[in-house]
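S.K.: need a 3D model of the following:
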Amino acid sequence: MERGGPVAGRPFFLVVPPLGGTGLGCKLSLAHFRRPVPRERGTASDSPPLAKIHMPVESPYSGVLLRTIILLIGSNLFMTFAWYGHLKSLSSKPWYIAVLVSWGIALFEYMLQVPANRIGFTALSLPQLKVMQEVITLVVFVPFAILFMKQQFKLDHLYAGACLVGAVYFAFRGT
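M.R.: Take a look at the predicted model:
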(Lines give C-alpha, C1' and ligand atoms only; values in the text may rest on other atoms or scores of the structure.)
Protein backbone atom coordinates (compact mmCIF):
# COMPACT_ATOMS: atom_id res chain seq x y z
CA MET A 1 0.00 0.00 0.00
CA GLU A 2 1.45 3.32 -1.06
CA ARG A 3 0.64 6.63 0.59
CA GLY A 4 1.02 10.17 -0.60
CA GLY A 5 0.56 13.37 1.27
CA PRO A 6 0.07 17.08 0.97
CA VAL A 7 3.69 17.56 -0.12
CA ALA A 8 4.26 20.38 -2.62
CA GLY A 9 0.51 20.87 -3.03
CA ARG A 10 -0.27 17.23 -3.89
CA PRO A 11 -3.48 15.88 -2.34
CA PHE A 12 -3.42 12.92 0.05
CA PHE A 13 -4.03 9.62 -1.71
CA LEU A 14 -4.05 5.92 -0.92
CA VAL A 15 -3.18 3.30 -3.53
CA VAL A 16 -4.73 -0.10 -2.96
CA PRO A 17 -2.77 -2.87 -4.71
CA PRO A 18 -4.57 -5.37 -6.99
CA LEU A 19 -6.50 -8.04 -5.10
CA GLY A 20 -5.29 -11.61 -5.53
CA GLY A 21 -4.07 -11.30 -9.13
CA THR A 22 -7.41 -9.88 -10.28
CA GLY A 23 -5.93 -6.53 -11.32
CA LEU A 24 -8.68 -4.78 -9.35
CA GLY A 25 -6.52 -2.23 -7.52
CA CYS A 26 -7.55 1.39 -7.20
CA LYS A 27 -6.25 4.82 -6.22
CA LEU A 28 -8.40 6.75 -3.79
CA SER A 29 -7.87 10.45 -3.32
CA LEU A 30 -9.50 12.73 -0.80
CA ALA A 31 -10.34 14.84 -3.85
CA HIS A 32 -12.91 12.13 -4.62
CA PHE A 33 -14.68 12.79 -1.34
CA ARG A 34 -14.63 16.61 -1.09
CA ARG A 35 -16.55 19.37 -2.73
CA PRO A 36 -14.28 21.59 -4.84
CA VAL A 37 -13.23 24.83 -3.13
CA PRO A 38 -13.64 27.95 -5.28
CA ARG A 39 -10.25 29.41 -6.21
CA GLU A 40 -9.11 32.56 -7.93
CA ARG A 41 -8.27 32.02 -11.60
CA GLY A 42 -4.64 32.31 -12.61
CA THR A 43 -3.16 31.08 -9.33
CA ALA A 44 -0.83 28.11 -8.91
CA SER A 45 -3.61 26.22 -7.12
CA ASP A 46 -5.76 26.53 -10.26
CA SER A 47 -4.69 23.09 -11.52
CA PRO A 48 -7.42 20.46 -11.50
CA PRO A 49 -7.41 17.77 -8.79
CA LEU A 50 -6.40 14.19 -9.65
CA ALA A 51 -10.01 13.21 -10.24
CA LYS A 52 -13.41 14.82 -9.90
CA ILE A 53 -16.78 13.26 -9.30
CA HIS A 54 -19.55 15.51 -10.56
CA MET A 55 -22.99 15.14 -9.04
CA PRO A 56 -25.54 16.54 -11.50
CA VAL A 57 -27.97 17.67 -8.79
CA GLU A 58 -26.72 19.06 -5.51
CA SER A 59 -28.58 17.49 -2.61
CA PRO A 60 -27.86 16.92 1.06
CA TYR A 61 -27.26 13.25 0.20
CA SER A 62 -24.68 13.76 -2.61
CA GLY A 63 -21.36 13.51 -0.82
CA VAL A 64 -22.58 11.58 2.21
CA LEU A 65 -24.35 8.94 0.15
CA LEU A 66 -21.43 8.49 -2.24
CA ARG A 67 -18.85 8.18 0.53
CA THR A 68 -21.07 5.81 2.51
CA ILE A 69 -21.69 3.55 -0.50
CA ILE A 70 -18.01 3.40 -1.48
CA LEU A 71 -16.92 2.56 2.07
CA LEU A 72 -19.69 -0.03 2.53
CA ILE A 73 -18.79 -1.76 -0.74
CA GLY A 74 -15.17 -2.04 0.42
CA SER A 75 -16.30 -3.15 3.86
CA ASN A 76 -18.54 -5.84 2.42
CA LEU A 77 -15.79 -7.16 0.16
CA PHE A 78 -13.64 -7.81 3.23
CA MET A 79 -16.51 -9.21 5.30
CA THR A 80 -17.69 -11.57 2.59
CA PHE A 81 -14.20 -13.06 2.38
CA ALA A 82 -13.98 -13.18 6.20
CA TRP A 83 -17.31 -15.01 6.52
CA TYR A 84 -17.20 -17.32 3.51
CA GLY A 85 -13.74 -17.32 1.90
CA HIS A 86 -12.39 -19.86 4.39
CA LEU A 87 -14.94 -22.42 3.15
CA LYS A 88 -12.93 -22.69 -0.05
CA SER A 89 -9.44 -21.48 0.85
CA LEU A 90 -8.97 -22.97 4.33
CA SER A 91 -11.26 -26.02 4.25
CA SER A 92 -8.37 -28.40 5.00
CA LYS A 93 -7.13 -26.35 7.98
CA PRO A 94 -8.41 -26.62 11.57
CA TRP A 95 -11.37 -24.37 12.39
CA TYR A 96 -9.38 -22.17 14.79
CA ILE A 97 -6.97 -21.25 11.95
CA ALA A 98 -9.98 -20.16 9.87
CA VAL A 99 -11.22 -18.11 12.84
CA LEU A 100 -7.90 -16.31 13.23
CA VAL A 101 -7.63 -15.58 9.51
CA SER A 102 -11.25 -14.39 9.42
CA TRP A 103 -10.65 -12.08 12.39
CA GLY A 104 -7.64 -10.62 10.62
CA ILE A 105 -9.72 -9.94 7.51
CA ALA A 106 -12.62 -8.57 9.59
CA LEU A 107 -10.30 -5.94 11.12
CA PHE A 108 -10.04 -4.30 7.70
CA GLU A 109 -13.80 -4.63 7.24
CA TYR A 110 -14.39 -2.69 10.46
CA MET A 111 -11.86 -0.04 9.45
CA LEU A 112 -14.19 0.77 6.53
CA GLN A 113 -17.57 -0.07 8.06
CA VAL A 114 -17.31 2.13 11.16
CA PRO A 115 -16.48 5.32 9.18
CA ALA A 116 -19.15 4.40 6.60
CA ASN A 117 -21.84 4.18 9.27
CA ARG A 118 -20.68 7.36 11.00
CA ILE A 119 -20.71 9.29 7.72
CA GLY A 120 -24.00 7.78 6.58
CA PHE A 121 -25.75 8.47 9.87
CA THR A 122 -25.20 12.22 9.39
CA ALA A 123 -27.82 12.25 6.60
CA LEU A 124 -29.61 8.87 6.73
CA SER A 125 -31.83 7.32 9.34
CA LEU A 126 -30.69 4.11 10.99
CA PRO A 127 -33.24 1.97 9.05
CA GLN A 128 -32.14 3.59 5.77
CA LEU A 129 -28.51 2.89 6.59
CA LYS A 130 -29.27 -0.74 7.44
CA VAL A 131 -31.35 -1.40 4.32
CA MET A 132 -28.65 0.19 2.14
CA GLN A 133 -25.99 -1.96 3.81
CA GLU A 134 -28.02 -5.15 3.25
CA VAL A 135 -28.51 -4.37 -0.44
CA ILE A 136 -24.78 -3.66 -0.84
CA THR A 137 -24.06 -6.94 0.97
CA LEU A 138 -26.03 -8.86 -1.63
CA VAL A 139 -24.58 -6.86 -4.53
CA VAL A 140 -21.13 -7.93 -3.30
CA PHE A 141 -22.14 -11.46 -2.27
CA VAL A 142 -23.78 -12.59 -5.53
CA PRO A 143 -20.66 -12.14 -7.71
CA PHE A 144 -18.54 -13.64 -4.90
CA ALA A 145 -20.78 -16.72 -4.70
CA ILE A 146 -20.89 -17.21 -8.47
CA LEU A 147 -17.31 -16.31 -9.42
CA PHE A 148 -15.22 -17.28 -6.38
CA MET A 149 -17.28 -20.05 -4.75
CA LYS A 150 -18.63 -21.39 -8.10
CA GLN A 151 -22.24 -21.52 -6.88
CA GLN A 152 -25.11 -21.79 -9.35
CA PHE A 153 -27.44 -18.79 -9.66
CA LYS A 154 -31.17 -19.59 -9.37
CA LEU A 155 -34.23 -17.59 -10.38
CA ASP A 156 -35.37 -17.53 -6.73
CA HIS A 157 -32.28 -15.45 -5.95
CA LEU A 158 -33.49 -12.86 -8.46
CA TYR A 159 -36.91 -12.79 -6.79
CA ALA A 160 -35.26 -12.26 -3.39
CA GLY A 161 -33.30 -9.34 -4.90
CA ALA A 162 -36.54 -7.82 -6.18
CA CYS A 163 -37.92 -7.92 -2.63
CA LEU A 164 -34.86 -5.97 -1.48
CA VAL A 165 -35.52 -3.34 -4.12
CA GLY A 166 -38.96 -2.98 -2.51
CA ALA A 167 -37.29 -2.62 0.89
CA VAL A 168 -35.09 0.18 -0.46
CA TYR A 169 -38.16 1.93 -1.90
CA PHE A 170 -40.02 1.86 1.43
CA ALA A 171 -36.93 2.84 3.49
CA PHE A 172 -36.16 5.89 1.34
CA ARG A 173 -39.73 6.91 0.40
CA GLY A 174 -40.61 10.39 1.51
CA THR A 175 -37.05 11.57 2.16
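S.K.: let me see the contact set for residue 150.
M.R.: Applying CB atoms under 8 Å, 6 or more residues apart in numbering to residue 150 gives no contacts. Glycine gets a C-beta too; all of them are placed from N, C-alpha and C.
S.K.: residue 106 and residue 81, how far apart?
M.R.: According to CB to CB, to the nearest Å, residue 106 and residue 81 sit 9 Å apart.
S.K.: I meant residue 101, not that one.
M.R.: Distance, residue 101 to residue 81, by CB to CB: 9 Å.
S.K.: so where's the protein shaky on pLDDT?
M.R.: Low-confidence segments of the chain (pLDDT under 70): 1-61, 175.
S.K.: could you rerun that using 80?
M.R.: Applying pLDDT under 80 to the chain flags residues 1-62, 174-175.
S.K.: tell me where it has helices.
M.R.: Assigned by DSSP state H, the chain shows helices spanning 62-80, 86-89, 95-120, 126-143, 155-172.
S.K.: now those helices as a markdown table including distance to residue 149?
M.R.: A markdown table is the format used below for these (distance: least, CB to CB, whole Å):
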| stretch | distance to residue 149 |
| --- | --- |
| helix 62-80 | 10 |
| helix 86-89 | 6 |
| helix 95-120 | 15 |
| helix 126-143 | 10 |
| helix 155-172 | 13 |
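S.K.: residue 101 and residue 81 - which one has more neighbours?
M.R.: Neighbours were counted for residue 101 and for residue 81 using other CB atoms under 10 Å; residue 81 has more, 23 against 17.
S.K.: which ones are touching the nearest residue to that one once chain neighbours are set aside?
M.R.: Using CB to CB, 6 or more residues apart in numbering and skipping the chain neighbours, the partner closest in space to residue 81 is residue 105 (5.6 Å). Applying CB under 8 Å, 6+ apart to residue 105 gives the contacts 78, 79, 81, 82, 85.
S.K.: wait, doesn't residue 116 sit right on residue 72?
M.R.: Yes - with contact defined as CB atoms under 8 Å, residue 116 reaches residue 72; the gap is 4.7 Å.
S.K.: the more surrounded of those two?
M.R.: The neighbour comparison of residue 116 against residue 72 (other CB under 10 Å) goes to residue 72, with 26 against 23.
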